[in-house]
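S.K.: quick one, fold the following:
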Amino acid sequence: MWNIKEHRDISKTCKKVPIQVVKKYELWKYIVRRHGPDKLREFPGFHDEKLTGKRKKQRSSRLSLKYRVIYMVKQDIVTVSVLEINPHKY
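M.R.: Residues are numbered from 1 along each chain as shown. Okay, here's the model as predicted:
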């Protein structure tokens, strides 16, 4: 089992985003908690990917066309830190 540490602003963000984004985030958390973040790659809907640039150590998963969850994996303590849920900038 994996631990998920959410940033303190995630609960506020979940109140502002559409309900379908919150439901997909709950599914995302369930998959990560039970199977780990590597399992996300088996679901093409999440489009899980490594980020580049100043977010080089972070990953992103798609919650909808607009919203992404940004997270980091800390291997040594088997923890996933959710940093933010934000609208993707095109």
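
S.K.: which is the next helix or strand following the helix or strand hosting S60?
M.R.: Element membership of S60 [criterion: DSSP states H and E] is strand 59-62. The helix or strand immediately downstream of strand 59-62 is strand 67-74, counting by DSSP H and E.

S.K.: mean confidence for that following strand?
M.R.: In this model, strand 67-74 has an average pLDDT of 89.

S.K.: which strands border that strand, and is each parallel or antiparallel?
M.R.: According to DSSP bridges, strand 67-74 forms sheet pairs with strand 59-62 (antiparallel), strand 79-87 (antiparallel).

S.K.: export that strand as CSV, just CAs?
M.R.: Below are the C-alpha coordinates for strand 67-74, written out as CSV (Å, rounded to 0.1, in the frame of the first residue of the first chain):
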residue,chain,number,x,y,z
TYR,A,67,-7.3,19.6,-15.4
ARG,A,68,-4.1,17.7,-14.3
VAL,A,69,-2.9,16.4,-11.0
ILE,A,70,0.8,17.2,-10.4
TYR,A,71,2.6,14.9,-8.0
MET,A,72,6.0,13.6,-6.9
VAL,A,73,7.0,10.0,-5.9
LYS,A,74,9.3,9.6,-2.9
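
S.K.: before we move on, the earlier item: out of the strands paired with strand 67-74, nearest to P18?
M.R.: Closest approach to P18 among those (CB to CB): strand 79-87, 10.8 Å. For glycine as for every other residue, the C-beta is placed from the backbone atoms N, C-alpha and C.
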